[in-house]
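1. how would this look folded up:
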Amino acid sequence: MAQRDLLCCNLGASHVAFPLERVIGVAEGLLVTPPPYSAPSFEGFVEVFGQVMPQVDVAALLAQPAAAGGMLVVVSDRGGSLALRVVSVTGMIQVEGENLAPTAARSRAAHPLYMADFEHQGVLHHVLDLDLLATSDGLELSLPEGAVLLPEARSEARPEPEQEWLPLLLLDIAGERYAIPNRSIIELNVPEGIRSAPGTPDWILGLIDVRGQPIVAVSTATLLGQPTADGQQPPNVCLIAELEDGLPIALFVDRVIGLERVSPTLIHPMPQAMAGISGYFVLHGDQIVGLIDPKQLLAQVAPWLRAAIPQQPTATLGASDASELGQYQQLLSLRVGRELYAMTLDRIDRIQASVRLTPLPSDIAYFDGMADVGDAIVPVIDLRRQQGAELQPFDSTERPPCILTVLDGAMTGILVDQVLSIIDIPPERFEPVIEASRLPISHVVAFEGQLIALLTIDRLLPPSTKMSA
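-> Okay, here's the model as predicted:
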């Protein structure tokens, strides 16, 4: 199933998303002309992008507390356009369609205008059904018989069907207006912080963490040759682009203003790209906007960027390889109940400090539940429940640590009581175990006066069990 491009918005009490193919643009709040005989969510008429259209308070339409907000998301409707008022626009992301489809029934049950839901940066977002929204009884755009007719959208302002439009993200960088094509951006992100990188050029801000992956953060203003004032607050919004396939870079900007669709015929290309600017266009008749090509912008500093990108860790040798080569073996030590276990680092994808759990039906063997790990929902095996029947029943309110690994080609979580530390073990301390009655283990290791059992995680599933990738 294809990916869905979505525009994420904050309503104050909740978060929603709009299908990007229906979004015409984003504008700041404008003067509204209220009409008589209107529903509470229908605030009046507003002129946006040269077109008169209804303005709708999305929070009120969803029966949520109304919040002051100054952003209008203009979406296409069968009869013209609608300006949907939200508190703020928080991001533009891609979500796999196959991840949205299973959430449809749950979302419809929460509200008839919801068509799916997903989590982004730990926040639940509901995808709005714009077709149902435009005909909702709570909106009631039609007037009672005998009332004054509402003004219609100006037909000359609507784009011609054959007109090609280029979706752009409008940016504020060092007080100047720029734009970047939507297709050039993988993700819009507001990271929690930037870790400094000493010894790097001044245009490298440091490193940010995106779902466990360290990504180099750069100052877009500096790369564009724009001066930054002393004492100025550092930018906190970044656009994730690629230096080349598989090498993401975080381009920090001062502010994301909104979306705009521009005809390619109105863009004046540069004969030769200057500092990553591929062209210019005039916005709303009086504002010159530079069009950024992120690959060209990053290409001028590519050698420094490649040197600053953290390398992927090399695969750790297995215990048998370590014995043959006489090298120390690095293990992750764990506690399950009163027992100590260890895993080889090459089988660990990442570690979540805590996860939210959802139980599975009792007749599903080998898996104890499902865990939300931020960017996916994965099946989990609870090593604590493998210890015996005396354990308490599965508790969905727990937040245990979870070790993510790949079992039979699919991502799987392993729940433990505590993740301890990474330890270095010389090969002569590995003692093979012929039979293990309680857990699948291959060796025991003596470490600081304690015995640690080395897990063979592939044995957690029987040979006949296959997981779909």
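2. ok, which stretches of the stretch 201-350 of the chain are helices?
-> 220-223, 294-299, 302-308, 319-325 (DSSP state H, counting those that start in this stretch).
3. just name the most buried of the ones you listed.
-> Of all those, helix 220-223 carries the top mean neighbour count, a mean of 22, counting by mean count of other CB atoms under 10 Å. All C-beta atoms are positioned from the backbone trio N, CA, C, and that covers glycine.
4. mind giving me a markdown table with the helices of the stretch 201-350 of the chain and columns for mean pLDDT?
-> Converted to a markdown table, the helices of the stretch 201-350 of the chain look like this (pLDDT from 0 to 100):
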| stretch | mean pLDDT |
| --- | --- |
| helix 220-223 | 90 |
| helix 294-299 | 88 |
| helix 302-308 | 81 |
| helix 319-325 | 40 |
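5. what's the closest non-adjacent residue to Leu305?
-> Nearest residue to Leu305 in three dimensions, chain neighbours excluded: Leu243, at 5.6 Å (CB to CB, 6 or more residues apart in numbering).
6. looks like that neighbour contacts Gln300 (just checking).
-> No. Between Leu243 and Gln300 there is no contact under CB atoms under 8 Å: 11.1 Å.
7. secondary structure element holding Val406?
-> Using DSSP states H and E, Val406 sits in strand 402-407.
8. okay, Leu243 and Gln300: which has more neighbours?
-> Leu243 (20 against 13; other CB atoms under 10 Å).
9. residues in contact with that one?
-> Contact analysis of Leu243 by CB atoms under 8 Å, 6 or more residues apart in numbering lists Ile249, Lys295, Leu298, Ala299, Ala302, Leu305, Arg306.
10. distance to Asp382 added to those, as a markdown table?
-> Shown next, in a markdown table, are the contacts of Leu243 (distance: CB to CB, whole Å):
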| residue | distance to Asp382 |
| --- | --- |
| Ile249 | 39 |
| Lys295 | 45 |
| Leu298 | 44 |
| Ala299 | 48 |
| Ala302 | 46 |
| Leu305 | 42 |
| Arg306 | 42 |
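11. widest-spaced pair of the residues you listed?
-> Greatest spacing in the contacts of Leu243, by CB to CB: Lys295 and Arg306 (14.0 Å).
12. strand partners of the strand holding Val406, parallel vs antiparallel please.
-> Under the criterion DSSP bridges, strand 402-407 sits next to strand 350-352 (antiparallel), strand 410-415 (antiparallel) in its sheet.
13. rank those strands by pLDDT, which is bottom?
-> Among these, strand 350-352 carries the lowest mean pLDDT, at a mean of 81.
14. just after that strand, pick out the following helix or strand.
-> strand 356-359.
15. quick one: name whatever helix or strand follows that following strand.
-> Counting by DSSP H and E, the next helix or strand C-terminal to strand 356-359 is strand 369-372.
16. contacting residues around that next one?
-> Residues from elsewhere that reach strand 369-372 (CB under 8 Å, 6+ apart): 119, 352, 355-360, 377-380, 382, 394, 396, 402, 413, 415.
17. list buried residues within the residues you listed.
-> 119, 352, 355-357, 377-380, 382, 402, 413, 415 (16 or more other CB atoms under 10 Å).
18. related to what we said a few turns ago, so which of the helices of the stretch 201-350 of the chain gets nearest Leu7?
-> Of the helices of the stretch 201-350 of the chain, nearest to Leu7 by CB to CB is helix 294-299, at 19.6 Å.
19. returning to that earlier point: turn the buried ones among the contacts of strand 369-372 into CSV, including distance to Val289.
-> Converted to CSV, the buried ones among the contacts of strand 369-372 look like this (distance: CB to CB, whole Å):
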residue, distance to Val289
Glu119, 33
Gln352, 42
Val355, 44
Arg356, 43
Leu357, 48
Ile377, 40
Val378, 43
Pro379, 48
Val380, 48
Asp382, 54
Cys402, 45
Gly413, 46
Leu415, 51
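20. farthest pair within the residues you listed?
-> The widest separation within those (CB to CB) is 22.2 Å, between Glu119 and Asp382.
21. on that earlier part again, need the strands paired with strand 402-407 in TSV with distance to Leu84, can you?
-> Listed next are the strands paired with strand 402-407 as TSV, based on distance: least, CB to CB, whole Å:
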stretch	distance to Leu84
strand 350-352	35
strand 410-415	36
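22. which parts of stretch 42-53 are buried?
-> Along stretch 42-53, these residues count as buried under the neighbour rule (16+ other CB under 10 Å): Phe42, Glu43, Phe45, Val46, Glu47, Val48, Phe49, Gln51, Val52, Met53.
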